[in-house]
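Trainee: Have a look at this fold, sequence not included:
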């Protein structure tokens, strides 16, 4: 496994480059990039078809930097300088435990002050370059795809919060023992929490900019499936604990690689299992029994489902139907992978189930209802 990018580079090229980047985090970032690409393509396509429309917006140009702009830039500059300079001066600690360095109150005061002043000066100079003797109001056209940068930022913030909340609800016993650690830890993220909260943020921004919710949901279906596939690569490569139950069964096919059938996840980032003899460092554990590598199964299945959604998207005309199909496919895929995946279970009326099984079942039902609703209201939505 490759808990950090440094481990990955060492495996590929035999070089030791200490970098403060974990593999899972890198693939989360790549998942956002993949989603951004798919969302943007769909927004442009729907605008070209006349389904979505650009919006006129008034803005004032030629004004000097406001006091609020200077203060906010100085504040963010201070935060970056306070932590960045401290991290560079304590680089070894930063590489070994970036989370502690970033989330602690420790920092470099002089670095914070320096970047605070630099950021404030930069904001002042940028506005000064275009300052007019008399500011004027102009009208600009904002195309739907130009909202994506704003959407991605808010989807990332709310998606992370949602993923943390759902993960702590799923592992309530651990959360009660260490609530602060549970909330601040970068590990332990539940996909559905991120999907629900991040999706809500995107819908809110879209609606504020004249994009109707059903159209935005349809745009998001293929992109979210692609992002999920990319993100799961990070889960597998880092060994973040999102693996299956023990698999001691013989391989069904001789040509199937061992790691694709049953794997022990050596050097996993979750530090679960037994200590590896002779290994020195933070990530020196390996599972005592091989397990189903469910994360890589989801990479494959989600990418296939993305290709299906991408193929049929041009044939679906009814608002809401595309997203309904996405919910159904997502629900089916996640429900069945749960059958061989390690997860916390709840028991209601003697019936055991996982959080993901419950939510995936609800998503499938919601998707089916949305498809039925789209068909029944096709005339009503003809000009939606």
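Mentor: The structure has been received and is ready for your questions. Since this is a predicted model, take the numbers as computed values, not measurements. Numbers count the residues shown, from 1 in each chain.
Trainee: what residues are up against residue 332?
Mentor: Residue 332 is in contact with 360, 364, counting by C-beta atoms under 8 Å, 6 or more residues apart in numbering. C-beta here means a position set from N, CA and C on the backbone, and glycine is covered the same way.
Trainee: Which strand or helix spans it?
Mentor: Applying DSSP states H and E as the criterion places residue 332 in helix 321-337.
Trainee: Helix or strand next in line after that helix, which one?
Mentor: Using DSSP H and E, the first helix or strand after helix 321-337 is strand 345-348.
Trainee: circling back to that earlier point, in the helix holding residue 332, which residues are buried?
Mentor: 321-335, 337 (16 or more other C-beta atoms under 10 Å).
Trainee: same thing with stretch 59-75?
Mentor: 65, 69, 70, 73, 74.
Trainee: and what of stretch 146-163?
Mentor: Buried residues in stretch 146-163, counted by 16+ other C-beta under 10 Å: 147, 148, 151, 152, 155, 156, 158, 159, 160, 161, 162, 163.
Trainee: same check, this time on stretch 200-209
Mentor: Buried-residue list, stretch 200-209, by 16+ other C-beta under 10 Å: 201, 202, 203, 205, 206, 209.
Trainee: rewinding a little: looking at the helix holding residue 332 now, give me its mean pLDDT.
Mentor: Mean pLDDT, computed over helix 321-337, is 94.
Trainee: And stretch 6-26, by the same measure?
Mentor: What stretch 6-26 shows for mean pLDDT is 89.
Trainee: Check the burial of residue 42 by counting its neighbours.
Mentor: 24 (other C-beta atoms under 10 Å).
Trainee: Would you state the strands of the protein in chain order?
Mentor: Along the chain, counting by DSSP state E, strands occupy 55-61, 136-142, 274-275, 285-286, 345-348, 351-354.
Trainee: Any idea which of those strands gets closest to residue 14?
Mentor: With distances scored as C-beta to C-beta, the stretch of these nearest to residue 14 is strand 285-286 (21.7 Å).
Trainee: Just checking: what are the partner strands of that closest one?
Mentor: Next to strand 285-286 in the sheet, as set by DSSP bridges, lie strand 274-275 (antiparallel).
Trainee: So what touches the partner strand?
Mentor: For strand 274-275, with C-beta under 8 Å, 6+ apart as the criterion, the contacting residues are 284, 285, 286, 287, 288.
Trainee: Now do the helices in the stretch 151-300 of the chain.
Mentor: For the stretch 151-300 of the chain, helices defined by DSSP state H, counting those that start in this stretch occupy the ranges 172-177, 179-184, 191-208, 213-238, 258-261, 294-312.
Trainee: least reliable of these going by mean pLDDT?
Mentor: helix 179-184 (a mean of 56).
Trainee: Low-confidence regions, the stretch 51-200 of the chain specifically.
Mentor: For the stretch 51-200 of the chain, the stretches with pLDDT under 70 are 167-168, 170-192.
Trainee: which residue is nearest the middle of the protein?
Mentor: The chain has residue 28 as the residue nearest its centroid, 5.2 Å off, counting by C-alpha atoms, centre = their mean.
Trainee: Go ahead and confirm that residue touches residue 231.
Mentor: Yes - counting by C-beta atoms under 8 Å, residue 28 does reach residue 231; the two are 5.7 Å apart.
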